[in-house]
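Student: Need coordinates for the following:
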Amino acid sequence: MSVDALEALTTTRAMRRLKPDPVPEDLIKTVIHAATCASSPGNSQGWDFVVVRDAAQRARIGDLIRETVLPRLVPIPESGGVAASRRRMMSGALHLAGNFGAAPVIVFVCGASVYPPGAPMDEFVPAALYPAAQNLIVAARAVGLGTVFTTFHMFCAPELTKILGLPQTHRIQVTIPMGWPEGRFGPVARKPVEDVIHWDRF
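Tutor: This is a model prediction of the structure:
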């Protein structure tokens with residue numbers, strides 16, 4: 001059962017621990033369709049989504065992430081003034097990097113430089129892909145699926161490009177594991193809106 005847009009937006013927690021249970025294809029398509037409803041520069045829609053479900057392909061990607069990303073993550077200190085929320089996040093990130101291939105679905109949000117027509121600029125690529133990725137994770141939350149934004153691809157882009165068969169014109173902007181969450185959705189912790197809103201002038 002899905003939830004409404006505002007509830008989804010305010011309860012989309014980062015889910016770094018996912019169950020291995022498969023996700024129905026029609027549900028994946030629903031989430032990707034929501035991603036394609038995002039805004040993009042000049043309605044250029046310069047996005048592609050590589051959705052990895054094959055177990056062998058996920059294992060290859062998981063091995064690559066474990067080898068290249070896990071060593072770069074900061075170990076959780078055994079003691080010290082680290083807030084509980086920070087420790088949970090660090091623990092989740094280590095778990096995710098070490099078990100990335102176990103996620104039943106891995107979505108790579110990719111794109112080429114296509115805007116403006118005739119004189120495309122690379123700066124417009126994230127302007128299309130990040131809104132699409134945000135739509136994707138909120139839509140996933142709405143239907144009960146867990147996701148988390150990652151930039152793990154930054155540490156192994158050449159190898160990932162080969163594994164995924166990406167053309168040279170495309171680059172990965174966001175890597176999103178997706179599946180049924182082990183944790184629970186709930187309100188996200190954010191600064192009070194009064195601290196970040198500026199009326200008329202900064």
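Student: residues contacting Ile65?
Tutor: Contacts for Ile65 (C-beta atoms under 8 Å, 6 or more residues apart in numbering) come out as Ala97, Phe100, Gly101, Phe152, Cys156. Using the backbone N, CA and C atoms, a C-beta is placed for each residue, glycine as well.
Student: Check these and tell me the two furthest apart.
Tutor: The most widely separated members of these are Gly101 and Cys156, with 13.1 Å between them, by C-beta to C-beta.
Student: neighbour-wise, which of those two wins?
Tutor: Higher neighbour count among Gly101 and Cys156: Gly101, with 20 against 17, using other C-beta atoms under 10 Å.
Student: Can you give me the separation between that one and Lys19?
Tutor: When distance is defined by C-beta to C-beta, to the nearest Å, Gly101 is 14 Å away from Lys19.
Student: now do Pro117
Tutor: For Pro117, the distance to Lys19 - C-beta to C-beta - is 44 Å.
Student: helices or strands up against the longest strand seen in the chain?
Tutor: Longest strand in the chain, counting residues (DSSP state E): strand 170-179. Applying 3 or more C-beta pairs under 8 Å, 6 or more residues apart in numbering; DSSP states H and E, one finds that strand 170-179 contacts strand 105-112, helix 124-142, strand 146-147, helix 157-164.
Student: Among those, which comes closest to His198?
Tutor: Closest to His198 of the helices and strands packed on strand 170-179, according to C-beta to C-beta: helix 124-142, at 22.5 Å.
Student: ok now stretch 54-62, how far from the chain's centre?
Tutor: Taking C-alpha atoms, centre = their mean, to the nearest Å, the mean C-alpha location of stretch 54-62 is offset from the chain mean by 17 Å.
Student: Give the rounded mean pLDDT of stretch 142-152.
Tutor: Average pLDDT, stretch 142-152: 97.
Student: got a list of contacts for it?
Tutor: 1-5, 8, 12, 14-16, 18, 23, 27, 30-31, 65, 69, 96-97, 100, 133, 136-137, 140-141, 174-183, 185.
Student: 6 Å instead?
Tutor: For stretch 142-152, contacts defined as C-beta atoms under 6 Å, 6 or more residues apart in numbering pick out 2-3, 8, 14-16, 18, 65, 69, 137, 140, 174-176, 178, 181.
Student: Next: stretch 160-168.
Tutor: So stretch 160-168 is contacted by Val50, Arg60, His153 (C-beta under 6 Å, 6+ apart).
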